[in-house]
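**Q** here are the coordinates; sequence isn't available:
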Ligand code: C2O
Ligand code: CU
């Protein structure tokens with residue numbers, strides 16, 4: 001049933017194939033010939049989320065918490081996640097954001113599976129083939145369910161284990177109007193000895209852009225969207241741009257001379273990393289941002305974009321029209337309104353080039369499922385830094401990006417804006433394999 005992708009609004013629970021009559025819908029589509037190395041059950045519930053400042057907000061939880069549990073694996077391990085929906089009325093799924101899983105594991109309601117109704121469960125199985133920082137979230141009425149709590153982190157370590165002595169997740173999420181980092185709206189202390197190397201894994205689970213900056217030490221932006229940067233130079237005085245859905249791993253050393261390092265995501269919301277009681281300097285948000293187009297040292301990308309066998313346009317605009325019979329101002333793709341946007345059709349092995357141009361009046365963090373794309377150029381300026389691999393690419397109004405990827409993951413995928421309300425307003429297309 002491809003008629004109803006996850007765009008909420010009128011679609012809701014009326015996915016034509018959602019009800020199977022039985023209480024348990026369990027598809028074991030991942031590798032079955034081996035036992036899982038990492039196995040977890042996540043129970044989704046509609047309930048109040050308690051915030052550290054004592055307030056509670058109505059939302060959704062996984063195992064009574066939001067964010068849900070961190071799922072951590074080593075490269076090569078088989079991950080098995082059993083999702084149980086106890087009480088989320090619209091049904092739930094889990095999508096592995098940025099993880100290039102087999103199509104059947106992608107967790108997109110109405111595209112790769114039906115939403116898991118209250119009382120039902122579903123098992124996801126995939127091999128953790130790539131190391132890096134990722135996250136998972138529901139992909140059913142996602143503009144509500146992600147905002148209201150149905151998400152968590154997925155971290156895959158290289159076979160040698162965590163890359164830094166101190167390794168800290170820092171999910172950024174706004175609950176009830178307050179932005180939080182690592183679960184707190186204010187300052188979170190992270191213990192680290194003088195001289196130790198620290199990796200902070202920033203994950204933007206909000207619908208808008210976040211900027212992060214580091215005070216008290218130079219840092220390196222060592223990975224973006226789960227892909228390592230090649231020879232990233234030290235940075236001071238520039239912020240990290242985190243598109244909605246995007247991840248950035250930063251590394252720094254705690255000063256030998258004492259003192260702490262601070263990672264801010266705005267308005268007093270920060271991690272303070274160092275020995276107990278150590279103070280970090282507080283610096284204002286820098287105006288400059290790290291530009292990934294030129295950051296780091298070039299390295300081979302593994303294929304030649306000049307040999308492209310498919311070239312597509314993904315031109316984003318906005319106009320009045322009807323979506324599901326509802327009149328309004330909706331997003332357009334190549335001038336067409338959802339669902340009249342033709343699928344992008346590829347064959348396995350294609351070298352695909354796509355031009356994403358935005359003249360819609362707003363910024364769109366574009367998220368392609370199942371594939372990592374490399375940025376070739378922005379506004380006609382060629383990328384010169386470390387290959388910029390991305391799954392969550394912020395495209396501001398007036399910008400044009402050219403990206404390329406290899407079609408190496410057969411199935412039907414979505415390519416949408418991760419301002420998830422925009423996806424619900426039609427900014428969603430499909431990529432399908434012939
Ligand atoms: Cu993180 Cu289709 O979404
Ligand atoms: Cu958008």
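**A** Arrived safely. The structure displayed is predicted, hence computed values, not measured ones. Ligands and ions are numbered 1, 2, ... in the order given.
**Q** pretty sure residue 351 contacts residue 311?
**A** No: assessed by Cβ atoms under 8 Å, residue 351 is found out of contact with residue 311, at 9.7 Å. C-betas here are computed from N, CA, C, even on glycine.
**Q** for the residue of the stretch 251-400 of the chain found nearest ligand 1, phi and psi?
**A** Ligand 1 sits closest to residue 367 of the stretch 251-400 of the chain, with a gap of 5.1 Å, by Cβ to the nearest ligand atom. When read as degrees, to the nearest 10, the backbone of residue 367 gives phi -120, psi 120.
**Q** nearest residue to it other than its sequence neighbours?
**A** Leaving aside its sequence neighbours, residue 367 sits nearest to residue 418 (Cβ to Cβ, 6 or more residues apart in numbering; 4.4 Å).
**Q** write out the residues of this protein neighbouring ligand 2.
**A** Proximity of the chain to ligand 2, by Cβ under 5 Å from the ion, involves residues 364, 417, 419, 422.
**Q** change it to 6 Å
**A** 364, 417, 419, 422, 427 (Cβ under 6 Å from the ion).
**Q** out of those residues, list just those in helices.
**A** residue 422 (DSSP state H).
**Q** chain neighbours aside, what residue packs nearest to the residue in the stretch 201-350 of the chain that ligand 2 sits nearest to?
**A** As assessed by Cβ to the ion, ligand 2 sits closest to residue 331 within the stretch 201-350 of the chain, at 6.8 Å. Take residue 331 and drop its neighbours on the chain: the residue closest to it by Cβ to Cβ, 6+ apart is residue 427, 4.0 Å away.
**Q** tell me the phi and psi of the closest residue to ligand 1 within the stretch 51-200 of the chain?
**A** Nearest to ligand 1, among the residues of the stretch 51-200 of the chain, is residue 97, at 3.7 Å (Cβ to the nearest ligand atom). Residue 97 has phi and psi values of phi -60, psi 120 when expressed as degrees, to the nearest 10.
**Q** what about it, distance to residue 370?
**A** 11 Å (Cβ to Cβ, to the nearest Å).
**Q** ok, the residue of the stretch 51-200 of the chain closest to ligand 1 - how many residues close by?
**A** Residue 97 has 27 neighbouring residues, counting by other Cβ atoms under 10 Å.
**Q** so what's residue 43 up against?
**A** Listed by Cβ atoms under 8 Å, 6 or more residues apart in numbering, the contact partners of residue 43 are 62-64, 84-86.
**Q** partner strands of the strand or helix carrying it, parallel or antiparallel?
**A** Element membership for residue 43, per DSSP states H and E: strand 38-50. Using DSSP bridges, strand 38-50 pairs in its sheet with strand 56-62 (antiparallel), strand 78-85 (parallel).
**Q** what residues does the stretch 251-400 of the chain have near ligand 1?
**A** By Cβ under 6 Å from any ligand atom, the residues of the stretch 251-400 of the chain that approach ligand 1 are 367, 369.
**Q** strands of the stretch 251-400 of the chain, start to end?
**A** 261-264, 270-274, 310-323, 326-333, 336-337, 344-346, 351-358, 364-368, 373-378, 381-382, 389-390, 392-395, 400-406 (DSSP state E, counting those that start in this stretch).
**Q** which neighbouring elements make contact with the fifth one?
**A** This points to strand 336-337. strand 310-323 (3 or more Cβ pairs under 8 Å, 6 or more residues apart in numbering; DSSP states H and E).
**Q** ok, the strand it packs on: who's next to it in the sheet?
**A** Looking at strand 310-323 with DSSP bridges, its partner strands are strand 326-333 (antiparallel), strand 351-358 (parallel).
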